[in-house]
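**Student:** coords below, sequence missing:
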């Protein structure tokens, strides 16, 4: 994971620096197609050398946002600036950004080499420099021996790399990637995610990637913007988005979550929430609430502990229920536990020893417990 | 279906187009070729030798010996034929180019039109076929003649003072061919342009191409198979075109289709007109072969 890449990336957080100017900024940008509002009064700043992900379901406006930055669409209202320059009215061929298309959009009548050289030729780059750059790009994406092939003679993964090389060839300050890994199979996708991060860090570019795959966004991005219906619901690091989601939608969209609805019976640093079925949840939270507020308590499956007997060490946040379903996934087992109130909780247990699972099976009684800081309180 | 049976079926299916070609192309061609080797005669049919099955093998042999290439030699001796071929190829070539000039923008516009509008536009391109070709060519006489619609219009709005002489000139032939064959140019080009992924143009622009450059570097090269198909579909029939030069062209408009007509109907010289037809076929076979090669290449590229 990127987090292990060391101190360089850990200290990379320009968004925390109030003096840092965003490299790209969207200010109150709206884009309408007829009556349909694709992007709804959205503001966003992306910093230089950042790997930024726009995450959302299809139709949430993320691709439109990217296409407006590339210049293929003009915002209906609002201002997009790049390096402090207003991009309004600047055609795509004059913008210092390049895009890697979802369909790759490789020119079928040109070889790999010519595809990569295409943008450089438009800039009238000198022949020797151009050849050197093409060689460099071919090496970068490890396609040296395929330089003479046409796109239809390449595999999906190779085509993806040609598309990447072609969009990187002009060394733009900003690279836009529209579902760059969408057409690859799972294994190749995982490998390529790391390659993309490496390339981005080596070349020191700003990457903005559009994806609907939350795992992909979390693996690659410094920050993620979660989008829904043309609006940004949350912009934060992967950890924050996962551990401190801003809303139920974000919590549910990113990963798997147990959502318990209740009312606050005691607000404060340790808030007590009572659900309709009578469960009492004690949770530490920064969320300001008042007594009798309607709230949701969200807790991730891996934060729950499952035991066949009532835990002796703690009595708070301990619930019993019946094992309803078991999904054995190899590295972990997911239990679906039906509480007496009818609600089903998902709990993931790491299989850290071979065949050492407590012998819990279907319809057994089981105890679920979690710590006071395991979940978050959501008001929206 | 079991395996041997399905194999048999597959072979039978292949036989159908071959039978078709044999019956409708090869056999008529052999007959025409045979007549082209005969001599004209005042008889029915108007040539000798003719072969009667009752004369048996000996009769067949005599008629075979009577065959000669005299008619082909005759074609080379009279400059009329050579000039007619050259003029036909020239007129067809110019017309094809003009049709391309008119047809490409039309096809491009159709392919870029909103998806909901395309079936209607396609319909409009095909619509003229619903009226007889002959009637449509006659209609052009009404438009182009000195006192015709075009001249009336131009004089009414004051562009010209005297009527333009268009009818019975080569210009009228070009207009007629471009008009008549336009759908054959538009449809194949439209089909290649319509299949083209528009994101290729966006990618080109993204990489720094102005729209005009993107057109010449991406759109046009990718539409070449359609352009080639369209040009062949116009050029090949235009070379042998008879109706348009006959109705719209002047007495000086020399085209091989007209020459053939005169030989066949006025001179009743079936052998010479057959020879003219065979040579015309040979002239056309070259572009057809080129066309098929281009198609094979396009298919290769489309794989």
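**Tutor:** Yes, it's here. Predicted, not measured: the structure shown is a model, and the values here were computed from it. Residues are numbered from 1 along each chain as shown, chains lettered A, B, ... in the order given.
**Student:** how far away is residue A:147 from residue A:15?
**Tutor:** 40 Å (CB to CB, to the nearest Å). All C-beta spots, glycine's among them, are computed from the backbone N, C-alpha and C.
**Student:** How about the residues of the stretch 51-200 of chain A by chain B?
**Tutor:** When proximity is defined by CB under 8 Å from any CB of the partner chain, the stretch 51-200 of chain A lies next to chain B at A:70-72, A:91-93, A:97-99, A:101-103, A:105-109, A:118-119, A:122-123, A:150, A:152, A:166-167, A:170.
**Student:** Now, the residues you listed that are in helices?
**Tutor:** A:70, A:118-119, A:122, A:166-167 (DSSP state H).
**Student:** my read is residue A:368 is in a strand, agree?
**Tutor:** Yes. According to DSSP: H, G, I helix; E, B strand; the rest coil, residue A:368 belongs to a strand.
**Student:** That one reaches residue A:349, doesn't it?
**Tutor:** No. The pair residue A:368 / residue A:349 is not scored as a contact, 10.7 Å apart, by CB atoms under 8 Å.
**Student:** who's more crowded, the two?
**Tutor:** Ranked by neighbour count (other CB atoms under 10 Å in any protein chain shown), residue A:368 and residue A:349 place residue A:368 first, with 22 against 18.
**Student:** hang on, the earlier thing: between residue A:368 and residue A:349, what contacts are shared?
**Tutor:** Taking CB atoms under 8 Å, 6 or more residues apart in numbering or on different chains as the contact rule, residue A:368 and residue A:349 both touch A:305-306.
**Student:** Just want the most central residue of chain A.
**Tutor:** In chain A, the C-alpha nearest the mean C-alpha coordinate belongs to residue A:217, at 2.7 Å (CA atoms, centre = their mean).
**Student:** SS state for the residue most central in space within chain B?
**Tutor:** Ranked by distance to the mean C-alpha position of chain B (CA atoms, centre = their mean), the top residue is residue B:237 at 1.6 Å. When classified by three-state DSSP, residue B:237 comes out as helix.
**Student:** where are the low-confidence patches of the chain?
**Tutor:** Since you didn't name a chain, this refers to chain A. Within chain A, the stretches with pLDDT under 70 are A:1-10, A:355-358.
**Student:** nope, chain B please
**Tutor:** For chain B, the stretches flagged by pLDDT under 70 are B:1-2, B:287, B:298-303.
**Student:** residues from it in reach of chain A?
**Tutor:** Within chain B, the residues that sit near chain A (CB under 8 Å from any CB) are B:197, B:199-200, B:202-210, B:213, B:217-218, B:221-222, B:301, B:303.
**Student:** Which ChimeraX command selects the buried ones in those residues?
**Tutor:** To isolate the buried subset of the residues of chain B next to chain A in ChimeraX, counting by 16 or more other CB atoms under 10 Å in any protein chain shown, use the following:
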select /B:197,199,200,202,203,204,205,206,207,208,209,217,218,222
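**Student:** Quick check: residue A:279 touching residue A:345?
**Tutor:** No. Judged on CB under 8 Å, residue A:279 makes no contact with residue A:345 at a distance of 10.2 Å.
**Student:** picking up where we left off before, wait, the residue nearest to the centre of chain A touches residue A:224, no?
**Tutor:** Yes. Under the criterion of CB under 8 Å, residue A:217 makes contact with residue A:224 at 5.0 Å.
**Student:** overlap in contacts of the two?
**Tutor:** Common contacts of residue A:217 and residue A:224, defined by CB under 8 Å, 6+ apart, comprise A:53, A:55, A:238.
**Student:** Narrow these to those in helices?
**Tutor:** Within those, residues falling in helices by DSSP H are residue A:238.
**Student:** Out of the shared contacts of residue A:217 and residue A:224, which is nearest to chain B?
**Tutor:** Relative to chain B, the closest of the shared contacts of residue A:217 and residue A:224 is residue A:53; by CB to the nearest CB it sits at 20.2 Å.
**Student:** can you pull the contacts of that closest one?
**Tutor:** A:208-211, A:216-217, A:220-221, A:223-225.
**Student:** Please repeat the previous calculation with a cut-off of 10 Å.
**Tutor:** The neighbours of residue A:53, taking CB atoms under 10 Å, 6 or more residues apart in numbering or on different chains as the test, are A:62, A:177, A:207-211, A:213-214, A:216-226, A:238, A:241.
**Student:** which residue ranges form the strands in the stretch 101-250 of chain A?
**Tutor:** A:174-178, A:206-211, A:223-228, A:231-236 (DSSP state E, counting those that start in this stretch).
**Student:** could I get the ones you listed as JSON lines with mean neighbour count?
**Tutor:** Formatted as JSON lines, the strands of the stretch 101-250 of chain A follow (neighbours: other CB atoms under 10 Å in any protein chain shown):
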{"stretch": "strand A:174-178", "mean neighbour count": "25"}
{"stretch": "strand A:206-211", "mean neighbour count": "25"}
{"stretch": "strand A:223-228", "mean neighbour count": "24"}
{"stretch": "strand A:231-236", "mean neighbour count": "20"}
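**Student:** Out of those, flag the one nearest residue A:34.
**Tutor:** Counting by CB to CB, residue A:34 lies closest to strand A:231-236 out of the strands of the stretch 101-250 of chain A; the figure is 18.8 Å.
**Student:** Tell me how many other residues crowd residue B:93.
**Tutor:** 15.
**Student:** mind listing the strands for chain B?
**Tutor:** Secondary structure of chain B (DSSP state E): strands at B:39-40, B:47-48.
**Student:** Pull the contacting residues for the residue nearest to residue A:55 when sequence neighbours are not counted.
**Tutor:** Using CB to CB, 6 or more residues apart in numbering or on different chains and skipping residues adjacent in sequence, the residue nearest residue A:55 is residue A:217, 4.4 Å away. Applying CB under 10 Å, 6+ apart to residue A:217 gives the contacts A:51-56, A:193, A:209-211, A:223-226, A:238, A:241, A:254.
**Student:** Against residue A:181, how distant is residue A:217?
**Tutor:** Distance, residue A:217 to residue A:181, using CB to CB: 11 Å.
**Student:** who wins for most neighbours among the ones in helices among the residues of the stretch 51-200 of chain A next to chain B?
**Tutor:** Neighbour counts for those (other CB under 10 Å) peak at residue A:166, which has 31 neighbours.
**Student:** Determine the longest helix present in chain A.
**Tutor:** Per DSSP H, chain A has its longest helix at helix A:186-203.
**Student:** Tally up the residues packed near the closest residue to chain B within the stretch 151-300 of chain A, please.
**Tutor:** Chain B sits closest to residue A:152 of the stretch 151-300 of chain A, with a gap of 6.1 Å, by CB to the nearest CB. Residue A:152 is flanked by 12 other residues according to other CB under 10 Å.
**Student:** Over to the one 3 residues further on?
**Tutor:** Taking other CB under 10 Å as the neighbour definition, residue A:155 ends up with a count of 11.
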